[in-house]
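A.B. asks: Based on what follows, work out the 3D shape:
(one chain, ligands or ions: 3)
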Amino acid sequence: MFEDRTLLLIFSILFLAVLVALIVYFTGGTRFSYAHLIYLPIILAAYFYKIKGGITAALIGGFLLGPYMPLNTSTMTMQGLENWTFRISLLVVVGTFAGYLFSLLESQLEQVNQIAYYDSETELPNKLKLKKELEKEIEAENDFYLLILSINNFIDIYKMIGFMNFSNYIKKLLQYIKDFEKIRDQIYYINESKYGLILKKEADLSIFLSQFVEYMDHAVEFNQISIFNDISLGITAYPEQSQIADELIDQAFLSLEKAASKKLQYWQYQEQDSSFKESNIGLLADINKSILNDDFELYYQPKVNLVDRSVETFEALIRWNHPERGFISPAEFIPRVEQSSLIEPLTEWVVKRALNDINKFNQKNEDKNYSIAVNISARNLQHPNFAESLIQNLEFFNINPERLSLEITETDLILEIKENIKKLKKLKSKGIKIYLDDFGKGYSSLKYLKELPVDYLKIDQYFIKNIGLEKSTENIIHSIINMAHALNLKVVAEGVEKKEQLDFLQELGCDYAQGYYFARPDTKENIIKKLAEEDKYILNSIDN
Ligand code: C2E
Ligand code: CA
Ligand code: CA
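C.D. replies: Ligands and ions are numbered 1, 2, ... in the order given. Now for the predicted structure:
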């Protein structure tokens, strides 16, 4: 049936047509130019109902000014048949033409709309549309939550299924998300890894979030492979947090960053988070200052050889003692620094300090030759002079390159795999050892692993945490160790905190372990003190 609006429109157009007929009648009949007023309801009908509206209105209007409408009311002269049939035909032509023009215009407007408000690949409404929608909801004073969903491992997925399949996969994934019964609403495209959702505020948010996160833990099937999505959510609420669409979008994004910095799967915006963004920029600006002022410090954590419990290598882990904010975790600032060129001077500082400290470690123990492992980022490797400057530093501190190793994450290496292989080979040819960090966390490919010039695999902490808790994880650890050994690589387990974890790893022939079970990262001074006591170093820690 018709909606109210449609009924009203039709009625108005009819009313206008009747009004025109009355005007024509009372102003003397069709011989006067008022008869042309009949085009008004016809064009109006053509505008709203296109060709069929134009024709219908033309017929009605033509009939109203037709056989019963006098040519001249004062003499009551009636029109001839040819007169009014000609007029009706003319009106029908005009109505048809107007209807056609309006429908053409509308389809073109639709196309423009489609380009402006929809993503061409996924066909989802875009950010602009999201903003419009938010404005609409705000106007109507409908309470809602705005959620930004981030697919954190989208690069891994990209690499795994290939460029051409990605948008199909995203469609599949979004369908999966929509199948979650509490999300029936539209999903908005922001970029390949970020999607917006407007959630009506009837549901209990915390229940929704925990159920949704659990739902998203399941793999999504695509071309017969199961793909896991590492997602996080940034959330804000209307009207509590803001009544402006732009601000709400900013807040949701900020919350996403906040979630990442806190290693949480979701974060809901709070008043005090507004300082977070500025503080990020401020934080980066402080890096240079802190390098000069020596507000950074390196802590060292031993890698323990599981055959004889000896220590050969220490991993250098940076600490930032910010003059105003106090201690800031590297997990918080490194990912931000890595996004800028500041990572270069920072890594340079780390390398120099680490090389300086190895010499100190080795001073008192001339028979022992300790090595240091330094964490580096993808961006460091991309710098054309990275290898040269490392080698220069080694020469400057008079250190055998064998005493230095680099830890780099798998995900970082995969991004420009061919280039990176070349660069790593160059470093290795000098004697520098390479650790593949956080192994298993991101995208792992046997093909690449075989080609990568690395010496050690570091099994990600996540797997170690689940020893004794998850049989499947234990099986994975088993496979990683066997595979690494088959490729002639040594295996390091990181994050070992418990005896059961150590026993399990040792049983499987894991070569090295790092973790609180043996020692927490410690200052250079404490390490030097413990090294002076030599082998007690490890034994003391085990007694804890
Ligand atoms: P990562 O390279 O995976 O380092 C291991 C992290 O686990 C360190 O955190 C370490 O303190 C912590 N850890 C060690 N043993 C245990 C354990 O038994 N249990 C638990 N729960 N944690 C343990 P940290 O020092 O906060 O560093 C975090 C991340 O920051 C590092 O992860 C690394 O990716 C990055 N990072 C640290 N220093 C540097 C640096 O100098 N340069 C660069 N580019 N990145 C760095
Ligand atoms: Ca590391
Ligand atoms: Ca790691």
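A.B. asks: right, quick check: the longest strand anywhere in the chain against ligand 1, any contact?
C.D. replies: Longest strand in the chain by number of residues (criterion: DSSP state E): strand 311-322. Yes: against ligand 1, strand 311-322 shows contacts by CB under 6 Å from any ligand atom at 316-318. C-beta: built from backbone N, CA, C; applies to glycine.
A.B. asks: and these as a markdown table, adding pLDDT and neighbour count?
C.D. replies: Compiled in a markdown table, the residues of strand 311-322 next to ligand 1 are given as follows (pLDDT from 0 to 100; neighbours: other CB atoms under 10 Å):
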| residue | pLDDT | neighbour count |
| --- | --- | --- |
| Ala316 | 98 | 22 |
| Leu317 | 98 | 17 |
| Ile318 | 97 | 22 |
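A.B. asks: from these, which is closest to Asp246?
C.D. replies: Distances from Asp246 to the residues of strand 311-322 next to ligand 1, taken as CB to CB, are shortest for Ile318 (36.4 Å).
A.B. asks: Just grab the bridge partners of the closest one for me.
C.D. replies: As for beta bridges, Ile318 partners with Leu298 under DSSP bridges.
A.B. asks: how near is it to ligand 3?
C.D. replies: Relative to ligand 3, Ile318 is positioned 14 Å away (criterion: CB to the ion, to the nearest Å).
A.B. asks: looking at this structure, which residue lies furthest from center?
C.D. replies: Taking CA atoms, centre = their mean as the measure, the residue most remote from the mean C-alpha position of the chain is Thr75, 80.1 Å away.
A.B. asks: Would you mind naming what in the stretch 401-544 of the chain lies close to ligand 1?
C.D. replies: The interface of the stretch 401-544 of the chain toward ligand 1, taken as CB under 6 Å from any ligand atom, is made up of 407, 437-438, 494-497, 514-516, 521.
A.B. asks: Show the buried residues in these.
C.D. replies: Applying 16 or more other CB atoms under 10 Å to these, the neighbour count classes 407, 437-438, 494-496, 514-515, 521 as buried.
A.B. asks: which residues touch the closest residue to ligand 2 within the chain?
C.D. replies: Nearest to ligand 2 in the chain, going by CB to the ion, is Glu407, at a distance of 4.0 Å. Listed by CB atoms under 8 Å, 6 or more residues apart in numbering, the contact set of Glu407 reads 315, 373-376, 435, 437, 458.
A.B. asks: hmm, 6 Å instead?
C.D. replies: 373, 375, 435, 437 (CB atoms under 6 Å, 6 or more residues apart in numbering).
A.B. asks: quick one, domains of this protein?
C.D. replies: The record assigns the chain these domain ranges, following automatic domain parsing: 2-117, 127-269, 278-533.
A.B. asks: Dump the contacts of Glu407 to TSV, plus pLDDT, distance to Phe296 and secondary structure.
C.D. replies: What follows is those, written out as TSV (pLDDT from 0 to 100; distance: CB to CB, whole Å; DSSP: H, G, I helix; E, B strand; the rest coil):
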residue	pLDDT	distance to Phe296	secondary structure
Ala373	98	17	strand
Asn375	97	13	strand
Tyr435	96	22	strand
Asp437	94	20	strand
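A.B. asks: from those residues, which is closest to Leu342?
C.D. replies: Proximity of the contacts of Glu407 to Leu342 was ranked by CB to CB; the top entry is Asn375 with 15.2 Å.
A.B. asks: now that closest one, which residues is it bridged with?
C.D. replies: Following DSSP bridges, Asn375 is listed with bridge partners Glu407.
A.B. asks: if we can go back for a sec, what is the nearest of the contacts of Glu407 to Phe154?
C.D. replies: The shortest distance between Phe154 and any of the contacts of Glu407, using CB to CB, involves Asp437 and amounts to 20.6 Å.
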